[in-house]
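> prediction below, plus the sequence it came from.
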Amino acid sequence: MIRKIFILLFLATGFLTARAQEVSISKGWKFTVGDSAQWASPTYNDQHWQAANLNDNWERQGHPNYDGFGWYRTKVVIPSSLKDKSYLKDSLRLNLGTVDDNDEVYLNGKLVAKYGGYGGTIKDGHYGGRSYTIAANNPAILWDKENVLAVRIFDTGGDGGLVTSGYGSTFNITMADVMDHVAVNTEADFVYGDNNSLSKSVKLHTTNAYQYSGTLAFKVTDPENGTVLYEKTNPANFTSGKPFTYSFSIARLAKRSYTISYTFTDTKSGKSIVQTETTPYILTPYPTAKVKINGADVFGARPGHPFLYLIPATGKRPLLYKVAGLPECLKVDAATGVISGSVAQKGNYPVTFTVSNSLGAKTKQFTISIGDNIGLTPALGWNSWNAWGLSVNDEKVRISAKAMIDKLSAHGWAYINIDDGWEAENRAADGKIVTNSKFPDMKGLADFVHGLGLRIGIYSSPGPRTCGGFLGSWQHEDQDAQTYADWGIDYLKYDWCSYSDIAPKPDLDGLKKPYQVMQASLGKTNRDIMYSLCQYGWGNVWEWGADVNGNSWRTTGDIQDTWQSMSTIGFNQGPAAPHAQPGHFNDPDMLVVGKVGWGPSLHNTRLTFDEQYTHISLWSLLASPLLIGCDMGHLDAFTLSLLTNDEVLAIDQDALGKGANQYIKKDDYQVWVKELKDGGKAIGLFNTSDKYQTISLDKTDPAIAGYTKFRDAWQQKYIVVTGNALTAKVAPHGVLLVRVEK
Ligand code: GAL
């Protein structure tokens with residue numbers, strides 16, 4: 001059985017850490033906001049400082065909206081036995097969880113590490129995990145004595161402090177050991193070969209000056225029952241600069257994930273590391289050669305403003321597009337399907353799309369809604385942040401636009417949004433906002449994106465500075481809105497950031513104010529600029545985001561590519577969900593699928609493949625804007641399949657605009673139910689546990705009573721429901737997304 005399922009074609013194999021001796025530093029921290037050089041000193045008396053809760057930022061520990069300097073201190077005895085028991089005895093490692101945003105680390109008054117290992121200054125703001133290595137003979141270390149560890153932090157905006165998070169949750173001191181700086185790099189894509197094979201190459205590598213010689217054990221396990229499906233151990237040798245590559249090919253017979261583990265054991269030291277990953281499986285059917293018209297059923301624009309809509313359709317190219325009933329002053333490009341022009345008169349214009357190719361034609365009824373309300377269905381697009389962070393540039397944006405038109409726009413994806421990092425250091429002499437050298441010609445870039453039939457977005461803050469420290473729009477709102485309009489911008493993400501300097505302790509009106517100011521400024525331009533509020537959910541923004549005319553509003557802090565982050569955010573949208581409505585949607589933050597990185601170097605999302613199905617299913621049920629946060633120049637087959645499932649996207653884009661109701665919330669599973677325009681419902685059965693689980697909904701349950709057809713949205717096929725219940729075996733952290741029809 002095992003042998004039949006997995007065929008090994010080649011031999012030769014992610015990151016892991018050996019369990020070393022450690023001294024915990026997860027307790028006993030004290031902190032204060034402010035800044036003083038004395039706070040580094042071991043003799044400073046910090047008794048009056050607050051006890052720190054590392055599970056929370058300092059905003060939630062009595063310093064709302066505080067940006068700037070703060071210090072954390074703790075005391076720790078570092079036993080020399082730590083060194084004695086280690087194999088390599090040369091370096092000590094300080095694991096300091098996550099720092100938001102940037103830090104300097106002092107041991108007994110001496111600076112031993114800084115800025116997360118990046119260059120720059122403490123104000124450059126690289127929030128993230130902190131793990132510093134210092135020489136064991138550094139005189140700052142007092143072996144077998146009490147050491148005072150002090151961390152000076154600068155928070156540029158948003159949350160701040162020393163915290164446990166997905167970026168880094170370990171607070172301890174260890175010796176850097178033989179398996180530190182050894183990694184199994186699993187970043188390469190899985191390759192879907194002929195004969196139903198799934199292949200991949202992984203690399204064992206190190207930066208240590210040590211000769212690794214041992215074995216690599218490759219093991220594939222079924223997570224449902226622990227059955228080992230394949231096991232193979234090979235010799236593996238590698239040194240710095242000379243990695244060991246292991247390639248394998250296994251059969252992909254079932255539509256489910258298996259767990260792969262790679263265990264390297266070094267013979268001399270006897271130490272090992274283990275890295276695990278899961279195998280991808282694609283549920284989305286491959287688009288057929290026949291025409292299919294996809295996307296929402298409605299698009300809104302304001303009267304007299306430029307109109308741009310690309311009819312999303314799949315099928316063998318070339319396609320020919322026609323629209324019947326198009327209001328005057330709009331025209332459709334028969335070859336590209338781009339509708340452009342402008343409509344002066346308010347009203348709902350029913351039109352019929354016809355798209356044809358050599359195999360036939362399809363039609364679809366569609367409504368062009370000209371009025372004050374735009375963004376009638378959640379935005380589908382890309383945003384640069386989760387991929388590139390502040391390293392975004394013109395070229396990356398163009399690559400993304402090109403990829404969107406080549407691979408995604410046929411499914412309704414339309415926005416290319418530049419996040420933070422495009423702004424110059426200073427405004428022009430006349431106060432006008434200007435771009436930095438990474439964006440030599442913003443108007444040219446917008447023209448390029450529009451030329452493809454797509455729309456373009458930009459980012460700013462109501463404060464003087466953005467979260468990345470760039471120029472914000474404070475006191476330049478009219479001017480900035482007009483500049484955006486002149487460039488041809490279609491979407492603005494407006495991020496609170498340093499507005500706390502202007503309004504340190506805002507009440508509800510104070511929270512609304514900066515968003516009203518920019519809304520008024522946008523309203524003075526002649527463009528439809530989608531308005532995306534970003535203030536992390538403060539003041540229950542879902543209750544008033546629509547009043548300030550936000551097309552969407554962030555309901556949370558920043559997402560990360562971990563189950564903890566994605567599931568905590570997603571499954572806590574219950575209170576916000578009922579406030580979604582056409583033109584006004586909750587935004588639980590951007591997608592973390594594909595290759596992400598928040599900076600120049602990217603990695604595969606740390607979500608498992610089942611977690612990614614959960615992510616897209618839940619966000620679609622929530623009618624969330626879907627903003628892809630990955631490298632669009634490198635969309636692997638699985639990620640593409642996740643983003644091009646028209647029946648799943650249709651749930652997100654449903655014209656009723658409702659957010660799903662958190663219908664059942666148990667410790668190990670949840671059921672979310674979204675009402676749809678056609679009277680049907682979309683239902684997500686989510687397994688939140690880490691074991692396979694059967695989830696059932698009785699046919700008499702009010703969620704599905706009276707419905708007779710059950711369609712698996714991912715697989716796009718009807719499910720035969722026998723017996724008295726809709727029952728599904730759901731993978732760990734996975735989902736069954738069903739559309740029910742009468
Ligand atoms: C954060 C925001 C992120 C990103 C970043 C840019 O406040 O939540 O999504 O926009 O700022 O600096």
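Thanks, I have the structure now. Numbers count the residues shown, from 1 in each chain.

> residue numbers of the stretch 501-650 of the chain in contact with the ligand?
If contacts are counted using CB under 6 Å from any ligand atom, the residues of the stretch 501-650 of the chain sitting beside the ligand are 534, 558. C-beta coordinates here come from the backbone N, C-alpha and C atoms, glycine included.

> what does the stretch 51-200 of the chain give?
Within reach of the ligand by CB under 6 Å from any ligand atom, the stretch 51-200 of the chain has these residues: residue 158.

> can you pull out the strands in the stretch 51-200 of the chain?
Applying DSSP state E, counting those that start in this stretch to the stretch 51-200 of the chain gives strands spanning 68-77, 91-100, 102-107, 110-114, 128-135, 146-155, 161-163, 171-175, 182-185, 191-192, 197-206.

> tilt between the third one and strand 91-100?
In terms of direction (axes from the mean of the first three to the mean of the last three CA atoms, to 10 degrees), strand 102-107 departs from strand 91-100 by 140 degrees.

> how far out from the middle of the chain is strand 102-107?
The chain centroid and the centroid of strand 102-107 are separated by 28 Å under CA atoms, centre = their mean, to the nearest Å.

> buried stuff in that strand?
Residues of strand 102-107 classed as buried by neighbour count (16 or more other CB atoms under 10 Å): 102, 103, 104, 105, 106, 107.

> so the fourth one is in contact with residue 94, correct?
Yes. The criterion here is CB atoms under 8 Å, and residue 105 meets it with residue 94 at 6.6 Å.

> what do these two both touch?
Residues touching both residue 105 and residue 94 (CB atoms under 8 Å, 6 or more residues apart in numbering) are 112, 113, 130, 132, 149.

> neighbours of residue 527, how many?
Under the neighbour criterion other CB atoms under 10 Å, residue 527 is assigned a count of 17.

> what about it, distance to residue 180?
Here the criterion is CB to CB, to the nearest Å. By it, residue 527 lies 53 Å from residue 180.

> likewise residue 158?
Taking CB to CB as the criterion, residue 158 is separated from residue 180 by 31 Å.

> swap in residue 419?
Residue 419 sits 34 Å away from residue 180, taking CB to CB as the criterion.

> out of those two, which sits in the busier spot?
Per other CB under 10 Å, whichever of residue 419 and residue 180 has more neighbours is residue 419, with 26 against 23.

> which residues in the stretch 201-350 of the chain form strands?
According to DSSP E, counting those that start in this stretch, the strands that the stretch 201-350 of the chain contains are 212-221, 228-238, 244-251, 259-266, 272-278, 292-293, 298-301, 307-310, 313-314, 320-324, 330-332, 338-341, 347-357.

> mind putting those in TSV, mean pLDDT, mean neighbour count and distance to the ligand included?
Supplementary listing: the strands of the stretch 201-350 of the chain in TSV, determined by pLDDT from 0 to 100; neighbours: other CB atoms under 10 Å; distance: least, CB to the nearest ligand atom, whole Å:
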stretch	mean pLDDT	mean neighbour count	distance to the ligand
strand 212-221	98	19	37
strand 228-238	97	16	38
strand 244-251	96	20	36
strand 259-266	98	21	32
strand 272-278	97	19	27
strand 292-293	98	20	33
strand 298-301	98	20	25
strand 307-310	98	22	25
strand 313-314	98	22	31
strand 320-324	98	16	35
strand 330-332	98	17	34
strand 338-341	98	18	29
strand 347-357	98	16	34
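
> and for the residue in the stretch 301-450 of the chain positioned nearest to the ligand, the neighbour number?
Of the stretch 301-450 of the chain, the residue with the smallest distance to the ligand, taken as CB to the nearest ligand atom, is residue 420 at 3.5 Å. When neighbours are defined as other CB under 10 Å, residue 420 has 24 of them.

> strands of the stretch 601-742 of the chain, start to end?
With DSSP E, counting those that start in this stretch, the ranges of strands along the stretch 601-742 of the chain come out as 603-604, 626-628, 661-665, 669-675, 681-687, 693-698, 709-712, 717-718, 725-730, 735-741.

> what's the average pLDDT for the first one?
Put plainly, it is strand 603-604. For strand 603-604, the mean pLDDT works out to 96.
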